[in-house]
Structure formats: structure tokens, C-alpha cells
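# Predicted structure and sequence below. I'll ask about it afterward.
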Amino acid sequence: MASFHHSIKSGAKGNAQRHARYIERQGTHSTREDLIHSSYGNMPTWAEGNPGYFWKMADCHERANGAAYREHEIALPNELSVEQLIELVERLVRDLVGTKPYQYAIHAPEGSLGKIQNPHVHLMYSDRLPDGIDRSPERLFARHNATQPEHGGCRKDSGGRTPVQLSQEVKATRKLVADTQNEVLADHGFAARVDHRSLREQGIQRRAARHL
């Protein structure tokens, strides 16, 4: 049954490559058999074909207290087939990430109750905005130079927002995710819908269900 869950996370320097291996079910995570699809895009030329190297360089060269990656973790409707889930995630990538480097993995583990699959996506992306300048890894993750961009790193698409602006941005992002899921469900003839609002905002008087 379709239900809404969406968390937005930041990954500290030193954790990006490890997290990419986790979502790809590589190394010590390879025994998990719930990966159904993965992809990546918008990588610089030196990371084409090897997104893990991009995250390794982010871990090496981002500033000490900076975020090496951001992540959207989103529950997906289990009404959809694998092909339809991929279609949905590709739409989300387009709208949430745009031109920034990204990597995602769709997992579909069995739930604790009824052995029903609980598909969800881990969408990792960099805050660095490509601008057409070819940079080495060291330069790409350096501080941005607004007056001479070629002498600095790619600009980061974060910061400079007030708490009110950040709150409004999160609400708008959650609504976009819900609307996109509902559009794909409708496109494929499913009546199920999700709602990004809290139960109170929906006028529903009950406690939230536990996610198992």
C-alpha cells in the first residue's frame, strides 16, 4: 500500500564513499539481496563510469566541516512494477537534483508483517553545481571563486537561507515528492495516493502508524 515517507539527510566528509557502497550493496553489505536497480549521472569526466571515485574525492577534498553529500530517502509505492518504480525515481532525480552529480539505488526489502515488499530509494547527490569548467578533483571541491570561477571550485547550492526559508523549502520539496508519486500512480491506473502532510494537517485524528 502506498504511504508517504521522505527524509532529507546530510553526509559528513569521510562518509560519502562508504555510504555509496552501502546503497549499492557492495563489500560487507553484499549479502543483502534487496537491490533492484541503481544508476548515477552528471559526473565529471574523471569520474565517468566510476561514481565511487567521485565520492572518494568528495571525502578527500571537501572542507573539514562540510557535507560531502546530501540524500533523499523516499518510500516508493509497492503498487508499481520495477519498471514503473524506475520511471518514478528518474522523475524525482530530474526534479530534485537537476544537473548536480548523483547516484541512487532502489531497495525492496520484505516487510516484517506479511512479507510485503517495502520499496524505497536512496538518492545521493553533491551540492556542487557544474558550470562547464573542467576541474581536477582537488579544484572541483575547493572554495568557489565568484569573480574568477575557473580559479575556484564549483559553487555549492546550499547556504544563505534563513530558518523560515529552509522550512518552506523542505515543505515544498516534500509536496513535490508526493505529487510526483501521485502523478505516476495515476498514469498507470492506480487509485492509491500519498499525502506529504501530517495527520493533523489532513484533519485525521489518530496516532501515526509505526514503520516496520
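Noted; the coordinates are in hand. Numbers count the residues shown, from 1 in each chain.
# If we ignore the residues flanking it in sequence, what's nearest residue 145?
Counting by CB to CB, 6 or more residues apart in numbering, residue 145 lies nearest to residue 152, which is 2.8 Å off, once chain neighbours are set aside. C-beta here means a position set from N, CA and C on the backbone, and glycine is covered the same way.
# That neighbour against residue 140, yeah?
No: applying CB atoms under 8 Å, one finds residue 152 not in contact with residue 140, separated by 9.8 Å.
# Contacts made by the longest helix along the chain with the rest, please.
Across the chain, the longest stretch assigned as helix under DSSP state H is helix 163-187. Here helix 163-187 makes contact (CB atoms under 8 Å, 6 or more residues apart in numbering) with 2, 4, 6, 8, 72, 74, 76-77, 79-80, 84, 87-88, 91-92, 95-96, 161, 191-196.
# In strands, which of those fall?
In this view, the contacts of helix 163-187 that belong to strands under DSSP state E are 6, 8, 72, 74.
# Go through those residues and give me the one with the most neighbours.
residue 74 (26 neighbours; other CB atoms under 10 Å).
# That residue: what's it in contact with?
Residues near residue 74 by CB under 8 Å, 6+ apart: 5-6, 92, 120-121, 123, 177.
# Now which of those residues would you call buried?
For the contacts of residue 74, a neighbour count by 16 or more other CB atoms under 10 Å gives the buried set as 6, 92, 120-121, 123, 177.
# Nearest to residue 43 among those?
Among the buried ones among the contacts of residue 74, residue 123 lies closest to residue 43 (CB to CB), at 14.8 Å.
# The closest one contacts residue 106, correct?
No: Residue 123 lies out of contact with residue 106 (CB under 8 Å); the separation is 9.6 Å.
# overlap in contacts of these two?
Joint contacts of residue 123 and residue 106 (CB under 8 Å, 6+ apart) are residue 89.
# The closest residue to residue 47 other than its chain neighbours sits in which helix or strand?
Of all residues not flanking residue 47 in the chain, residue 54 sits nearest, at 3.8 Å (CB to CB, 6+ apart). Applying DSSP states H and E as the criterion places residue 54 in helix 51-61.
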